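A.B. asks: Show me how the following folds:
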Amino acid sequence: MTVTIDPTDKRSVRGLAVLATADRWVKGHRKADGRAFFAIPGSMGRIYFTDTRNCSCPDRRQRDETCKHIRAVRLWAIQEKGTGAGKAPATPTLPSAEVRVIEADAPAPSVLLAPACRCGARIAWDRRLCDACRERDRALLANDF
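C.D. replies: Numbering: from 1, shown residues only. I've put the predicted structure just below:
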């Protein structure tokens, strides 16, 4: 899994802020399939159920894009794999091979010029997921969170 952190993208920056609160996350497992998730405190005092693919926050449900909570969990997963510890350290230490940082003045990498869904299907610029993956995620969120 590769996570791109772009300082011009507010969700990337906010995802790092959410990652800094990883010590307050509560880990759980869904009853249906045992998939792990985190209960993450939101910025407005609500709790959102989040894993590396789905989140119960309004941003994810309304925009159907990767929210700051999902980005934070993905970064935590990379960090966890890199450190091998059971709990995320207070200062994030992320392996550079799996986190791509785009500097504000640097041109965007060519990988970003060919949008594709996580399943590999080509998608429009304004979309993050193909219709099939979007419907599958909506069904999972509706049934499990």
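A.B. asks: Apart from its chain neighbours, what residue comes closest to residue 68?
C.D. replies: residue 14 (3.9 Å; CB to CB, 6 or more residues apart in numbering). Yep, even glycine has a C-beta here, placed from its N, CA and C like the rest.
A.B. asks: and the helix or strand hosting that neighbour, how far out from the chain's middle?
C.D. replies: Secondary structure assigned from DSSP states H and E places residue 14 in helix 10-19. Here the centre of helix 10-19 is set off from its chain's centre by 10 Å, with CA atoms, centre = their mean, to the nearest Å.
A.B. asks: same deal with stretch 67-82?
C.D. replies: 6 Å.
A.B. asks: Mean pLDDT per helix and strand in the protein: which one sits at the bottom?
C.D. replies: strand 99-101 (a mean of 58; mean pLDDT, DSSP states H and E).
A.B. asks: tell me the mean pLDDT over the helix or strand just after it?
C.D. replies: Moving toward the C-terminus from strand 99-101, the next helix or strand (DSSP H and E) is helix 131-144. What helix 131-144 shows for mean pLDDT is 78.
A.B. asks: Just the buried positions in helix 131-144, please.
C.D. replies: The neighbour-count check on helix 131-144 (16 or more other CB atoms under 10 Å) flags 133, 137, 140, 141, 144 as buried.
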